[in-house]
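Visitor: Sequence and predicted structure are below.
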Protein chains: 2
Amino acid sequence: MRLSRYFLPVLKETPAEAQIASHRLMLRAGMIKQASAGIYSWLPLGYRVLRNIERIVHEEQQRAGHIPVLMPTLQSADLWRESGRYDAYGPEMLRIRDRHDRDMLYGPTNEEMITDIFRSHVSSYKDLPMTLYHIQWKFRDEVRPRFGVMRGREFLMKDGYNFDLTKEDALHAYNRHLVSYLRTYERMGLQAIPMRADSGPIGGDDTHEFLVLAETGESEVFYDSEITDLKFGDREIDYDSVQQCQSVLEEFTSRYARTDETHDPAIFDQIPEDRRRVARGIEVGQIFYFGTKYSEAMGATVQGPDGKATPVHMGSHGIGVSRLVGALIEANHDDKGIVWPWEVAPFQVGIVNVKQGDATADAACDALYKELTAAGLEVLYDDREERAGAKFATMDLIGLPKRITVGPRGLEKGVVELTDRRTGESEEIKPELVAAALT
Amino acid sequence: MRLSRYFLPVLKETPAEAQIASHRLMLRAGMIKQASAGIYSWLPLGYRVLRNIERIVHEEQQRAGHIPVLMPTLQSADLWRESGRYDAYGPEMLRIRDRHDRDMLYGPTNEEMITDIFRSHVSSYKDLPMTLYHIQWKFRDEVRPRFGVMRGREFLMKDGYNFDLTKEDALHAYNRHLVSYLRTYERMGLQAIPMRADSGPIGGDDTHEFLVLAETGESEVFYDSEITDLKFGDREIDYDSVQQCQSVLEEFTSRYARTDETHDPAIFDQIPEDRRRVARGIEVGQIFYFGTKYSEAMGATVQGPDGKATPVHMGSHGIGVSRLVGALIEANHDDKGIVWPWEVAPFQVGIVNVKQGDATADAACDALYKELTAAGLEVLYDDREERAGAKFATMDLIGLPKRITVGPRGLEKGVVELTDRRTGESEEIKPELVAAALT
């Protein structure tokens, strides 16, 4: 993308309303614009990051054998009356009345709707196990939306639902989600720690939240420092293997790690003192097993091997897609701006032409831009008539992992400069070697 | 995808509520499920088609130089009060009140919001031309939603907005959209004819609707039969070239083609009688030039080359993404089911194992499935324990372009059968030649 033809409205001043780094940086980098309280438009740069996260979530969900669907944003109140949650859900549910005076709502989650789909179409245990998921906009009418996309009202979430014949099968689905989430977050360059949590309005006994450690996190967390040494890495996993998924779960949840809701000082104090950590965390996902809560209330049964109708065992599993954009920035920024991990960066490479209009510099930039794009890289070429300092500041602010600086002086020596955003290290390199260095 | 692990709830009976072929077939093929009146869940097969259409629209928009953003579904009423449309829009606007009693609405379109983004961030003519677009769910509270996704209430739409300094520039943007839309629809295997239309609540003088001819179309259309011979084809186009875009527009709009809203019998009757056509059409897109209607009302000005503040010239341009799924089926089906064009098919190839459990047949299917998937094809392998007739009926119903039939008898001769869904023609082919035949 040539910046002269792009829409990247960076702000020079720090917006007064932003209290945390990610919110501030998303506004300054022209990633979002508030539309109304807790509701944002995603400007071009922000939209690219959102799509990258969405893509990774889709790929990892499908790798685990989960099937994508897409449910609507608006739901009928009747479904929620069946489960009893229409009255139980508080003022965070946005209630709507249509032109025929029917009660509707903007879905904050989809347990009822997916259970309705299931009961309408599935009647035999032979069709199980089944996990359906979607990535869709949701709404929670927060009383005080804040922190930008971290605690917005309209937000993008992946929510998935497993349907199984037995509790054992459903717990495998739970474990499979845990494994898949570990992979998902790591691919984004993020360490998210599964912590024992509270189930809230979803219900159920087994639940883990995934938390990213960050000073600005909304939850206080307590953990054994050994847990931060664990890496999922590039291990191969067979998601059908009960044993493999179970053993990953044990590895990642056997050490103490809890949010303040489930924290137990008596247990915590048994950890050697030098390993006890109290910190803050941002919740970026949660998995639940809640058994037959919805299937019984809504009559979602299958015929078991014994011929009898059995309510299915279910769980639900969420990843906060739009919130992750904020969490990623909280975990990846410095004084100059955002420092994107490669996999989610809006562009991986920025080209700065320090002397736009100079025929040699322009030609070298054009050639690099074409070559890198052809090599499959996403490149933002700053071809504006701007002084070099302003171009560098913009590149630092928007945080592309690699910057290539092209100017007449370097070109005379036959080199350009390749700079790593995270380390700040630069090297001179021949233009014809750049593509190989980056791929 | 192995069908035994997929969720494809095909229906044997024709649903009573469905009046037109696309609605009937989408329900029967397990593509959608109604959630409430005019609101649908997209089941796995339907979701794949929707994503394919979305992908083509994104690619063609970006090829034309348009920049993707993503605006929220809910909007503040205040913005619509600025343009005067909050009161002017009828009961099709879904009005919502949040917990703080603020007036909101579920966006039926985004002229106000995009104009607000523009005026907040752009102040110089040097940043023009600019076209921003998004693909987002919208809501129109139709009094009688019907025909499935063709006239739903919650629907997915691509809407784009151009901002230009002068009327001439904005008309080039209009033409560019027309060209880009012709390409977009043709890529989906659809002929959509641009017809002079009425601007309705968007406003403006220049507008064309794109209509797909179909007996079940909601609009009566009148056209010169010569127009259906026009093809955009694979011609190269420079979207920056005013002349090139203008000449495509002239080619595709110089013959008579109008909806009933703008039909003029006096002009129509001048066409030679054997070329006069009266038919029905489905609207799948519309482009508008409306000048400074919104920019003046909302103060969206740029500083022109003369230093004076000038309201920008705008247009808006929509493609009905979810509606296209229905339109595609209306234009592509037969007695047995859907006949998907290759580019939008949920899977391009289906493998039918006529004797599941037979070691030779299973091995041959597995090998084909792996090979075709590795070749980049999307393959649905019917590996269920079902009789062959039922498998064929399902494949015909869901309309994958190519079917490979694998059975012990053929394998003994060293062949499988390759069938084209559209023509019904079959040929025997060696399994090792299938991939080459399909790619």
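Guide: Looks like it arrived, so ask away. Numbering: from 1, shown residues only, chains lettered A, B, ... in the order given.

Visitor: Going by C-alpha atoms from here, please, whenever you check contacts or count neighbours.
Guide: OK.

Visitor: so where does A:Ala390 fall, helix or strand?
Guide: In this assignment (DSSP states H and E), A:Ala390 forms part of helix A:388-398.

Visitor: Restricting to C-alpha, output that helix in PDB.
Guide: Provided in PDB are the C-alpha atoms of helix A:388-398 (Å, rounded to 0.1, in the frame of the first residue of the first chain):
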ATOM      1  CA  ALA A 388      12.200  12.000   7.000                       C
ATOM      2  CA  GLY A 389      11.800  12.700  10.800                       C
ATOM      3  CA  ALA A 390       8.000  12.800  10.500                       C
ATOM      4  CA  LYS A 391       8.100   9.600   8.400                       C
ATOM      5  CA  PHE A 392      10.200   7.800  11.000                       C
ATOM      6  CA  ALA A 393       7.900   9.000  13.800                       C
ATOM      7  CA  THR A 394       4.800   7.600  12.000                       C
ATOM      8  CA  MET A 395       6.500   4.300  11.400                       C
ATOM      9  CA  ASP A 396       7.500   4.000  15.000                       C
ATOM     10  CA  LEU A 397       4.000   4.900  16.100                       C
ATOM     11  CA  ILE A 398       2.200   2.400  14.000                       C
END
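
Visitor: Can you spell out which helices and strands pack onto that helix?
Guide: Secondary-structure packing of helix A:388-398 (3 or more Cα pairs under 8 Å, 6 or more residues apart in numbering or on different chains; DSSP states H and E): strand A:337-338, strand A:349-353.

Visitor: okay, the angle between it and strand A:349-353?
Guide: Angle, helix A:388-398 to strand A:349-353, by axes from the mean of the first three to the mean of the last three Cα atoms, to 10 degrees: 170 degrees.

Visitor: Show me which residues of helix A:388-398 are buried.
Guide: A:388, A:391-392, A:394-398 (16 or more other Cα atoms under 10 Å in any protein chain shown).

Visitor: before we move on, what about stretch A:232-247?
Guide: A:232, A:239, A:242, A:244-246.

Visitor: Show residues contacting that stretch.
Guide: The contact list for stretch A:232-247 (Cα atoms under 8 Å, 6 or more residues apart in numbering or on different chains) reads A:64-65, A:172, A:175-176, A:179, A:182-183, A:186.

Visitor: The same query, at a cut-off of 6 Å, please.
Guide: Stretch A:232-247 is contacted from outside by A:64, A:172, A:175-176, using Cα atoms under 6 Å, 6 or more residues apart in numbering or on different chains.

Visitor: And the average pLDDT for stretch A:197-212 is what?
Guide: For stretch A:197-212, mean pLDDT rounds to 80.

Visitor: which residues touch A:Ile429?
Guide: Applying Cα under 6 Å, 6+ apart to A:Ile429 gives the contacts A:415-416.

Visitor: what about it, distance to chain B?
Guide: Distance of A:Ile429 to chain B, computed by Cα to the nearest Cα, to the nearest Å: 32 Å.

Visitor: in the sheet, who's paired with that residue?
Guide: For A:Ile429, the beta-bridge assignment (DSSP bridges) gives partners A:Val416.

Visitor: Please name whichever of the helices and strands packed on helix A:388-398 is nearest to A:Thr14.
Guide: Evaluated over the helices and strands packed on helix A:388-398, closeness to A:Thr14 peaks at strand A:337-338, with 11.6 Å, by Cα to Cα.

Visitor: Strands along the stretch 201-350 of chain A, start to end?
Guide: Remark: strands assigned in the stretch 201-350 of chain A by DSSP state E, counting those that start in this stretch are A:206-213, A:219-224, A:257-259, A:276-291, A:301-303, A:309-311, A:313-320, A:333-334, A:337-338, A:349-353.

Visitor: Just send those back as JSON lines, with mean neighbour count and distance to chain B too.
Guide: Shown next, in JSON lines, are those (neighbours: other Cα atoms under 10 Å in any protein chain shown; distance: least, Cα to the nearest Cα, whole Å):
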{"stretch": "strand A:206-213", "mean neighbour count": "24", "distance to chain B": "26"}
{"stretch": "strand A:219-224", "mean neighbour count": "20", "distance to chain B": "25"}
{"stretch": "strand A:257-259", "mean neighbour count": "27", "distance to chain B": "29"}
{"stretch": "strand A:276-291", "mean neighbour count": "23", "distance to chain B": "21"}
{"stretch": "strand A:301-303", "mean neighbour count": "21", "distance to chain B": "15"}
{"stretch": "strand A:309-311", "mean neighbour count": "21", "distance to chain B": "19"}
{"stretch": "strand A:313-320", "mean neighbour count": "25", "distance to chain B": "16"}
{"stretch": "strand A:333-334", "mean neighbour count": "18", "distance to chain B": "23"}
{"stretch": "strand A:337-338", "mean neighbour count": "26", "distance to chain B": "20"}
{"stretch": "strand A:349-353", "mean neighbour count": "27", "distance to chain B": "18"}
